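> got a predicted structure plus its sequence, pasted below:
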Amino acid sequence: MQESKLRETLVLGDKSYHDITEDICRPIEGKPNKYWWIAFAISFCMFLWWAVCLSYTIGTGLGVWGLNRTVGWAWDITNFVWWIGIGHAGTLISAVLLLFRQKWRMAINRSAEAMTIFAVLCAATYIIAHMGRPWLAYWALPLPNQFGSLWVNFNSALVWDVFAISTYFSVSLAFWYTGLIPDFAVIRDRAKTRGRKIAYTILSFGWIGTAKNWQRFEEMALVLAGISTPLVLSVHTIVSFDFATSLVPGWHTTIFPPYFVAGAIFSGFAMVQTLLLITRKVLTLENYITVYHVDMMNRIILITGSIVGVAYITEFFMAWYSGVKYEQYAFLNRMAGPYWWAYWSMMTCNVITPQLFWFKKLRESLVATFIISIFVNIGMWFERFVIIVTSLHRDYLPSSWTMFSPTWVEVGLFVGSIGLFFTCFLLFARFFPVIALSELKTILKTSGSQSKKGTTDHE
Amino acid sequence: MSKKTIYGIYDDEEILLKGVKFIRDKNIIIKDCITPFPVHGLDVAMGLKRTRLAIASFCYGTMGATLGITMMWYMMIKDWPMDFGGKPNWSLLHNLPAFIPITFECTVLCAAHLMVITFLLKGKILPGVVPYVPHERVSDDRFVMEIQTTEEESAHVSKMLTDSGAVELRTR
């Protein structure tokens, strides 16, 4: 059962099975501390502001945004792609790392998957809102309608997106929830109050850990991981097709799918770092989410950040090499045009800052990780802004060249969506087990700190 | 002959695994084992058959792919073909490349959700189900072996369970 002591210890503090249960159920069974209440109050206010801005948008129309005839997509799609990208880390951790048998995923997969769900939720609100008449959103579905049997256009990347995003959201939700079922049962069996007992009995679907149930559970997790892996790659590929299948200079490039997927993983891991560094502190989970976990995620940020950097340079080279003057102008305009500040913010945050992770000291420093993760979050937002707005604002017709500036409604929708995200995440941290504790128990004997001592004794 | 269920409670999964082999060697039929986490090798030790959930998922996925292609063929080629940018939709073969993304999504959608539903229904894991929990720490750090026996044989079974390393016995 035991593995080499050279492998990193994943659970510190000589925990027993019962200690794991206690540590992870404590935040749910106790009262939230004042940091939780402060964070929740701020997030909830932001969320309310988001609701106001969204209602105003829907009630009045898209004229309340800063869009114009030249720039028809701006903050809405920027935020959509940003959120969707953030969501990708959750699936990557739970699915790809499961297939690669990376045990360190177990301490972080639950919260990363929760992050996926909430991020995709935020992303979906932009899609619905930017339609202008959200009550007609069902027109994007292949339904027969009263205007004759006119169906949706299955050649359109936007229709592919409808299928991709809804499949991604629902499959991630199913993956996350089935993983939660045994852990809800843990809380149910420990519940002291009647209300909690009833609530968690319903949430746990009456789970009981019989051998057959666990056998099926593990098989299902493996198959879900196997099909979620191509799914997560397909989702951001299709999101990039929204741009790549058009003829706009700066969008019409074949590098988009891999470049978007790498960028999504990059930004997603940055957001996981931002969230988990706070969560482990507030919920005192330092023994479970260790410096080793942070280091591993920083390595992924370094790799994907480098891929993104190479993609930026390749794009630039191809624009010159293609000999298409419109393409060349689009890229020169990005770098030195009126939006130079957005381009150079993107380059600094996404290409230069992650390279700092070559230093082991910085990879293992929690403060440095937190700061760099914020930089990456900002950089990846600017990446989408640069791709969308700088490609559109100077089109083929110089007389329609213009600039874009957001209105307070768009700013409110963006800031408010962060509130929505954190409101959901804080509620999750309050009522749901933030670490997949049943799964974590399976590695305690091989990767816990006690077993590592055992290995030394036997030699 | 009245029926009786005996639960042997173990405090370590390795002792439970050895216990399962011990009990089966004594020709006692184990009804079930309840553990707080998946214990590797337990299903083999108990002689459980491999689950066919993955095969089911493959079938659901194939079905999803067929459904997706059929839907797009019907809507865009059979029912209402249209000319989009000089790329007419008059044959499935010519349109197939554009249909790949949605075919893939339909495959995943059906494979994943129908498998999860199968899992829930087969295990009777549904909202509203109230399970019988033989020990309050069975989802925490206790491992339970369940044996169905008769009043007459219960003494023998209990002794065997204790011999195999059970720290506590419960009956129902």
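Thanks, I have it.
> for the stretch 201-350 of chain A, what spans make up the strands?
With DSSP state E, counting those that start in this stretch as the criterion, the stretch 201-350 of chain A has no strands.
> how about the residues of it by chain B?
By C-beta under 8 Å from any C-beta of the partner chain, the residues of the stretch 201-350 of chain A that approach chain B are A:201-203, A:205-220, A:222-224, A:227-228, A:230-231, A:234, A:238, A:241. Where C-beta positions appear, they are placed from N, C-alpha and C, glycine not excepted.
> confidence score at the residue in the stretch 151-300 of chain A that chain B sits nearest to?
Distances between the stretch 151-300 of chain A and chain B by C-beta to the nearest C-beta are smallest at residue A:206, namely 2.7 Å. pLDDT, residue A:206: 89.
> before we move on, back to that, report the buried members of the residues of the stretch 201-350 of chain A next to chain B.
With burial judged by 16 or more other C-beta atoms under 10 Å in any protein chain shown, the buried subset of those is A:201-203, A:205-220, A:223-224, A:227-228, A:231, A:234, A:238, A:241.
> give me the domain ranges for chain B.
As assigned by automatic domain parsing, chain B contains the domains B:3-36+B:139-171, B:53-122.
> between those domains, which one is nearest to residue A:412?
Closest approach to residue A:412 among these is made by domain B:53-122 (32.7 Å; C-beta to C-beta).
> quick one: average confidence on that closest one?
90.
> so how far is that domain from its chain's centroid?
26 Å (C-alpha atoms, centre = their mean, to the nearest Å).
> after the longest helix along chain B, which helix or strand is next? Please name it.
Criterion DSSP state H: the longest helix present in chain B is helix B:92-122. Scanning forward in sequence from helix B:92-122 by DSSP states H and E, the next helix or strand is strand B:143-150.
> can you list the strands that that next one pairs with?
strand B:3-10 (antiparallel), strand B:32-34 (antiparallel) (DSSP bridges).
> okay if I get these as JSON lines plus distance to residue A:5, mean pLDDT and mean neighbour count?
Shown next, in JSON lines, are the strands paired with strand B:143-150 (distance: least, C-beta to C-beta, whole Å; pLDDT from 0 to 100; neighbours: other C-beta atoms under 10 Å in any protein chain shown):
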{"stretch": "strand B:3-10", "distance to residue A:5": "28", "mean pLDDT": "87", "mean neighbour count": "20"}
{"stretch": "strand B:32-34", "distance to residue A:5": "31", "mean pLDDT": "89", "mean neighbour count": "24"}
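> quick one: closest of these to residue A:79.
It is, among these and with distance given as C-beta to C-beta, strand B:32-34, at 46.5 Å.
> contacting residues around the closest one?
A:208-212, B:16, B:20, B:39, B:42, B:46, B:134, B:138, B:143-146 (C-beta atoms under 8 Å, 6 or more residues apart in numbering or on different chains).
> wouldn't residue A:132 be in contact with residue A:64 here?
No. Contact criterion C-beta atoms under 8 Å: residue A:132 and residue A:64 do not qualify, at 10.9 Å.
> more neighbours: those two, which one.
residue A:64 (16 against 12; other C-beta atoms under 10 Å in any protein chain shown).
> list the contacts of that one.
A:56, A:57, A:407, A:409.
> now the strand or helix carrying the last one - C-alpha only, CSV.
Yep, that's residue A:409 we're talking about. Per DSSP H and E, residue A:409 falls inside helix A:408-431. Only the C-alpha atoms of helix A:408-431 are listed here, as CSV (Å, rounded to 0.1, in the frame of the first residue of the first chain):
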residue,chain,number,x,y,z
TRP,A,408,-21.7,52.4,-15.9
VAL,A,409,-24.1,49.5,-16.7
GLU,A,410,-21.4,47.4,-18.3
VAL,A,411,-19.0,48.1,-15.5
GLY,A,412,-21.7,47.2,-13.1
LEU,A,413,-22.4,43.9,-14.9
PHE,A,414,-18.8,43.0,-14.8
VAL,A,415,-18.1,43.9,-11.2
GLY,A,416,-21.4,42.5,-10.2
SER,A,417,-20.7,39.2,-11.9
ILE,A,418,-17.7,38.9,-9.6
GLY,A,419,-20.1,39.4,-6.7
LEU,A,420,-22.4,36.7,-8.1
PHE,A,421,-19.4,34.3,-8.3
PHE,A,422,-18.2,35.0,-4.8
THR,A,423,-21.7,34.9,-3.3
CYS,A,424,-22.1,31.4,-4.8
PHE,A,425,-18.6,30.3,-3.7
LEU,A,426,-19.0,31.6,-0.2
LEU,A,427,-22.3,29.8,0.2
PHE,A,428,-20.7,26.7,-1.2
ALA,A,429,-17.9,27.0,1.4
ARG,A,430,-20.4,27.4,4.1
PHE,A,431,-22.8,24.5,3.3
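> can you list the helices and strands that it packs against?
helix A:17-29, helix A:34-60, helix A:75-91, helix A:109-130, helix A:256-282 (3 or more C-beta pairs under 8 Å, 6 or more residues apart in numbering or on different chains; DSSP states H and E).
> name the next helix or strand downstream of it, please.
helix A:437-447.
> which other residues reach that next one?
Outside helix A:437-447, the residues that touch it by C-beta under 8 Å, 6+ apart are A:1-3, A:7-11, A:15-17, A:20-21, A:24-25, A:103, A:106-107, A:109, A:179, A:182-183, A:186, A:209, A:288, A:451, B:36-38, B:40, B:139.
> could you find the closest non-adjacent residue to the residue in chain B that chain A sits nearest to?
Distances between chain B and chain A by C-beta to the nearest C-beta are smallest at residue B:129, namely 2.7 Å. Nearest-residue entry for residue B:129: residue A:206, 2.7 Å, with adjacent residues in sequence omitted and distances by C-beta to C-beta, 6 or more residues apart in numbering or on different chains.
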